[in-house]
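> quick one, structure for this:
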Amino acid sequence: MIYWRPLVQSGAARPKGAVPLAGGGLWFSHVERLERGRAGEVVPAAEAGAALEPLAAPRADFAGLSMAAPRIMGILNVTPDSFSDGGLFLAAGDALAQARAMAEGADILDIGGESTRPGAAPVPVAEEIARTAPVIAALRAGGLQTPVSIDTRKAAVAAAALDAGAQVVNDVAALTFDAALGPLAAARGAPVILMHHQGTPETMQADPRYDDVLLDVYDWLAERLAAAQAAGIPRERIALDPGIGFGKTVQHNLALLRGLSLFHGLGCPILLGASRKRFIGSIGGGAEAQARMPGSVAVALAGVAQGVQMIRVHDVPETRQALLLWQAVNGGQA
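Reported below is the predicted structural model:
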């Protein structure tokens, strides 16, 4: 199988024949031709032939948001044990205040009641619902219009969140944990985010291995995309996440970040969630998760430069400021 990775560029000065990336402001004139067991080769984009269509086609709106420019997803963990902010927003009042503050700079809020950090144990369904659904309902009752996603692997939790006013299901297990979640999302017309993972939160960092991490993750996401469509979820309601840090070493994460633009070939919006993750501290320093904001912003902008449509972050104001400056320097492109 041949894979085509667009070499993404920005700016108004474009060569003749440049191809717009996913209907946005970025573009490419060359692609990297990839095959298993062979070194990549840079060739003119035209050599990709029909494979250019999913790379160039505009993405449908996702949860009512245009995907023509990058969107910021703010993370709200209503958990006692999340790796970065566990316990900070477990109380309903604290969660509501944080959500309202983030909504000033975030395009979508992602609310989760079960930590999926390395080593985390599953949370009972009733407890996860009790943590998340009341917060979502209170936000809607208070007039919040920002789209909300529920970060869960479980159909019952997703159903309660959708009833409370969430619109999107963000599943770190890509519909492999609970067989009822795909049909639920299809029946409710809810957009879904499917994330790559290897193993479970309890085991995922126990010596993860890949033949070729970039191509392996691409193929796995292609399979999950097909499975979601078979469950009745149209491609237009699916976004994909390569799963930085979920069953990956530092080198695996870096390989995925370098090759992110490959995933545009799947024809769906791409979400990058690397905020405050351990590899950032390993490379840039920051033993505590809260000390990794600068590195998190750097990684987010690296993703934006490769055309990802959504960046999932803890530090919303800092990321928003950085994104606005990046776009201004690049002539408004992205």
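> which SS state does residue 59 fall under?
With DSSP: H, G, I helix; E, B strand; the rest coil as the basis, the three-state label of residue 59 is coil.
> kindly apply the preceding question to residue 68 instead.
Classification of residue 68 by three-state DSSP places it in coil.
> might one say that it is in contact with residue 58?
Yes: using Cβ atoms under 8 Å, residue 68 makes contact with residue 58 at a distance of 6.9 Å. Placement of C-beta: from N, CA and C, glycine included.
> neighbour count winner among these two?
Between residue 68 and residue 58, residue 68 has the larger neighbour count (other Cβ atoms under 10 Å), namely 16 against 12.
> residues contacting the residue lying closest to the more buried one once chain neighbours are set aside?
Nearest residue to residue 68 in three dimensions, chain neighbours excluded: residue 24, at 4.9 Å (Cβ to Cβ, 6 or more residues apart in numbering). Contacts of residue 24 were listed using Cβ atoms under 8 Å, 6 or more residues apart in numbering, and they are 58, 67, 68, 69, 307, 309, 334.
> and the fourth one, how many neighbours?
By the other Cβ under 10 Å criterion, the neighbourhood of residue 69 contains 17 residues.
> kindly provide the distance from it to residue 282.
31 Å (Cβ to Cβ, to the nearest Å).
> nearest to residue 41, of the contacts of residue 24?
When the contacts of residue 24 are compared for distance to residue 41 (Cβ to Cβ), residue 307 comes out closest, at 21.1 Å.
> what's near enough to touch residue 299?
Taking Cβ under 8 Å, 6+ apart, we find residue 299 in contact with 257, 272, 274, 275, 280.
> okay, helices next: where are they in the stretch 151-300 of the chain?
Taking DSSP state H, counting those that start in this stretch as the criterion, the stretch 151-300 of the chain contains helices spanning 155-164, 181-188, 213-230, 250-258, 278-284, 293-305.
> point out the most buried one among the ones you listed.
A comparison of the helices of the stretch 151-300 of the chain by mean neighbour count, using mean count of other Cβ atoms under 10 Å, puts helix 155-164 on top with a mean of 22.
> what residue ranges in the chain score low on pLDDT?
Within the chain, the set of residues satisfying pLDDT under 70 comprises 81-92, 117, 119-120, 200-204, 206, 332-334.
> which residue is nearest the middle of it?
When Cα atoms, centre = their mean is applied to the chain, the residue found nearest the centroid is residue 271 (2.5 Å).
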